[in-house]
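Student: Got a sequence here, can you build the structure:
(chains A and B)
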Amino acid sequence: EPEVTQTPSHQVTQMGQEVILRCVPISNHLYFYWYRQILGQKVEFLVSFYNNEISEKSEIFDDQFSVERPDGSNFTLKIRSTKLEDSAMYFCASIRGGNEAFFGQGTRLTVV
Amino acid sequence: GENVEQHPSTLSVQEGDSAVIKCTYSDSASNYFPWYKQELGKGPQLIIDIRSNVGEKKDQRIAVTLNKTAKHFSLHITETQPEDSAVYFCAASEGGTDKLIFGTGTRLQVFP
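Tutor: The predicted structure is shown next:
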């Protein structure tokens, strides 16, 4: 069964460093998302991406965040200068059409 | 914007009993309501969903009901098994979009 894959599974970074989280959505999907889950809390929407541009972003998604689909298969989330409060699980999701969102296994980002 | 409330936060049941988790939403324009199961260290997995033109949907031991007037929807799991133990999240689409707003989660424990 096709699935969304994310790498790395765990990333530890120093505060102020840049990180790139990578996702390979399901191949015939058209809509891509990043969500975040701080430990023990609910899953929060960050950004949606369609047709090579951001379609919507949340208040969390400030100038430190960016997304890219560099080569037609990968979908990346970049955090330019990480802060302690960026520590969370980051989930990538994709949708073909309709609403059914399929989530990846997540990347646990730890900022120290 | 959409706000989703979920209750209870924890639920313990004996194997074979039923479990019910309830969610309310605020945006009357929401038209899609998925339920996700999240096991430890994994991403949310879609287990069942319902659209606003349907009042009830069933898939084996799992059912979801939707009351549009009252703006609430519920997950029902019958004949629970230990492997049903996980965190369950309800979600609602914001307006007519694909953006999902999640509830705060219910930790379900099924004791043998």
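Student: Counting neighbours, what do you get for the spatially closest residue to residue A:103 that is not a sequence neighbour?
Tutor: Spatially, and ignoring its direct neighbours in sequence, residue A:103 is nearest to residue B:43 (4.0 Å; C-beta to C-beta, 6 or more residues apart in numbering or on different chains). In short, each C-beta sits where N, CA and C put it, glycine included. When counting by other C-beta atoms under 10 Å in any protein chain shown, one arrives at 23 neighbours for residue B:43.
Student: Roughly how far does residue B:43 sit from residue A:89?
Tutor: Residue B:43 sits 8 Å away from residue A:89, going by C-beta to C-beta, to the nearest Å.
Student: Show me the contact partners of the helix or strand encompassing residue A:109.
Tutor: Using DSSP states H and E, residue A:109 falls within strand A:107-111. Strand A:107-111 is contacted by residues A:6-15, A:19, A:21, A:79, A:82-90 when judged by C-beta atoms under 8 Å, 6 or more residues apart in numbering or on different chains.
Student: Any idea how far that strand is from the middle of the chain?
Tutor: Centre-to-centre, strand A:107-111 and its host chain are 12 Å apart (C-alpha atoms, centre = their mean, to the nearest Å).
Student: in that strand, what's buried?
Tutor: A:107-109, A:111 (16 or more other C-beta atoms under 10 Å in any protein chain shown).
Student: do you know how far the residue positioned nearest the centre of chain A is from residue B:18?
Tutor: Central residue of chain A (C-alpha atoms, centre = their mean): residue A:34, 3.5 Å from the mean position. Residue A:34 sits 35 Å away from residue B:18, going by C-beta to C-beta.
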